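K.L.:
quick one, structure for this:
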Amino acid sequence: AQWEFEADAPVVLQARRRLEMLRQSDEPAGASESGAAAALQALEEAYENMDVATLQCLIEDWKFGESAELNGYVLKLQQLKREHDAQLNGLLTAMRGRDPVVLEAKIAQWSFDPDAAVVVQARRRLNMLRGGESPSRGNAEAVSADTNPERTVALQKIRNALQDRDVPRLQHLVEDWEFEADHPELSGAVRNLEMLSKERDQAISELRSLVRQGAVEAAERALAKWSFEKDSLPLEPIRHRLEELRGGNAPGPSDGHVQEMEQAHASKQIGKLQRLLTQSPDPESEDVQRMAGRYRDLKREQDCQVAELMKAMRGRDAVVLEARLAQWEFEADAPVVLQARRRLEMLRQSDEPTGASESGPAAALQALEEAYENMDVATLQCLIEDWKFGESAELNGYVLKLQQLKREHDAQLNGLLTAMRGRDPVVLEAKIAQWSFDPDAAVVVQARRRLNMLRGGESPSRGNAEAVS
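P.N.:
Predicted structure coming up:
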């Protein structure tokens, strides 16, 4: 609703499809058939638009059981990725050359996101070639001389990361590059990054497979051959699991871990259960898969209660809202519950007799201050809209504070989304730690899932992806 640019921008169309999927996920269980149909339609639209990111997201979020159609889209996604890689390699090769005709042809053949970073760089390179700035050897030497001290430092960091085969650090440095898009060392770093990422992902995948099979000696030999960054976060759970296997523990999560998940489920501590699931050393084990199914059932139940609570909060009946609060069965300090209690207090104040008008504004101002201190944007906006005590300098002050909070929220959100698109778990963890708004916001939950995936070194299995979503 806050979007102010072209209504048909690709990111807007993608967001609308994602919104429709999220709305489908909030439907009651009886709507599973229509939900699956809508999900398949969204998959088809993403495939027709050659939108690799959305297609992969939709496949990971699939929650309608086994499906031949879904398997078909998994194959289509692999096909799209191969085509994307082929076009990307052709574009990068043309960018390294000096022929503007070839480069223009490769740009015209690009059939994916027209605003992708590599396409923007290719257009800049094309403009430079057409302007005749680069072909001469003297100019190339001028570029490589790197008279800019900041560029020299950035290049040295890239060289160090390549020497250490540190994929996360190299990814971060390439994404943060602020100089010539066609710099030869940057182009080489991009090619090496792609190659190293594939080698690293394959090595981690093999390690995880050996650990799941209980092949301790083979896993230790593979660990000894590890040639990438020394302090690799994805290796931590692998080393931990190897220690358990050396001690004679059977594969799978410990009895204490399973018991803790059972207790969290029985007490409906959904946040704790989710955390225990993502921290499980063996997400493919039978116990974890069983608890993942219970988590999904519990999450659907919580979503229904949240929807009822939000509906009552949008109304003006304190009795209804109080009844919904009494029916809440999950964590008593959940943000939505705290927000509902503040809303209930406001509704009760509005029901006081006219003679209590002086205490009414005082209570309203106190509620506004609490919402501001808690950085609760939704409650603050709701309280401002419900103000009914006439013009007030204090109210105007909170209107300005709300605008300030929204700007800060948007800035933190953009930083979090940028880190989620990257591959550096350290950067993402820092952005999550900097988040100062609702700790259970959907984007934060997604960021934690992404962080867990980066630390694990590979995409979560479909079963575990369903558990988290």
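
K.L.:
which of the helices or strands spans residue 7?
P.N.:
Per DSSP states H and E: residue 7 is located in neither a helix nor a strand.

K.L.:
could you count how many residues lie near it?
P.N.:
Using other CB atoms under 10 Å, residue 7 has 9 other residues around it. In short, each C-beta sits where N, CA and C put it, glycine included.

K.L.:
relative to residue 210, how far out is it?
P.N.:
51 Å (CB to CB, to the nearest Å).

K.L.:
go on, residue 167?
P.N.:
20 Å.

K.L.:
more crowded one of those two?
P.N.:
Shown here are residue 167 and residue 210; by other CB under 10 Å, residue 167 has more neighbours (24 against 20).

K.L.:
any idea how far residue 206 is from the more buried one?
P.N.:
According to CB to CB, residue 167 stands 16 Å off from residue 206.

K.L.:
give me every residue that touches the nearest residue to residue 329 once chain neighbours are set aside.
P.N.:
Nearest non-adjacent residue to residue 329, counting by CB to CB, 6 or more residues apart in numbering: residue 268, 5.6 Å away. Residues near residue 268 by CB atoms under 8 Å, 6 or more residues apart in numbering: 298, 302, 329, 330, 331.

K.L.:
among these, which ones are buried?
P.N.:
Among these, those buried by neighbour count (16 or more other CB atoms under 10 Å) are 298, 302, 330, 331.

K.L.:
make sure the third one is actually in contact with residue 305.
P.N.:
Put plainly, it is residue 330. Yes - at 7.0 Å, residue 330 counts as touching residue 305 under the criterion of CB atoms under 8 Å.

K.L.:
follow-up on the earlier one: for the buried ones among the contacts of residue 268, could you give me CSV that also reports pLDDT and distance to residue 246?
P.N.:
Output for these, formatted as CSV (pLDDT from 0 to 100; distance: CB to CB, whole Å):
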residue, pLDDT, distance to residue 246
298, 86, 35
302, 86, 39
330, 87, 39
331, 84, 38
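
K.L.:
please convert these to TSV, extending it with secondary structure.
P.N.:
Shown next, in TSV, are the buried ones among the contacts of residue 268 (DSSP: H, G, I helix; E, B strand; the rest coil):
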residue	secondary structure
298	helix
302	helix
330	coil
331	coil
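
K.L.:
now for these, which pair is the farthest apart?
P.N.:
For those, the farthest-apart pair by CB to CB is 298 and 331; their separation is 11.7 Å.

K.L.:
intersection of neighbour lists for those two?
P.N.:
Common neighbours of residue 298 and residue 331 (criterion: CB under 8 Å, 6+ apart): 268, 270.

K.L.:
how close does residue 376 sit to residue 343?
P.N.:
11 Å.

K.L.:
how about residue 307?
P.N.:
Looking at residue 307 against residue 343, where the rule is CB to CB, the gap reads 15 Å.

K.L.:
more neighbours, those two?
P.N.:
Neighbour comparison, residue 307 and residue 343: the larger count goes to residue 343, with 26 against 12 (by other CB under 10 Å).

K.L.:
which elements pack onto whatever helix or strand that one lives in?
P.N.:
According to DSSP H and E, residue 343 maps onto helix 335-350. When contacts are defined as 3 or more CB pairs under 8 Å, 6 or more residues apart in numbering; DSSP states H and E, helix 335-350 packs onto helix 286-314, helix 318-327, helix 359-373, helix 377-385.

K.L.:
against which helices or strands is the last one packed?
P.N.:
Going back to what we said before, that points to helix 377-385. helix 335-350, helix 359-373, helix 393-421.

K.L.:
what do you get if the cut-off is 10 Å, keeping everything else the same?
P.N.:
helix 286-314, helix 335-350, helix 359-373, helix 393-421 (3 or more CB pairs under 10 Å, 6 or more residues apart in numbering; DSSP states H and E).
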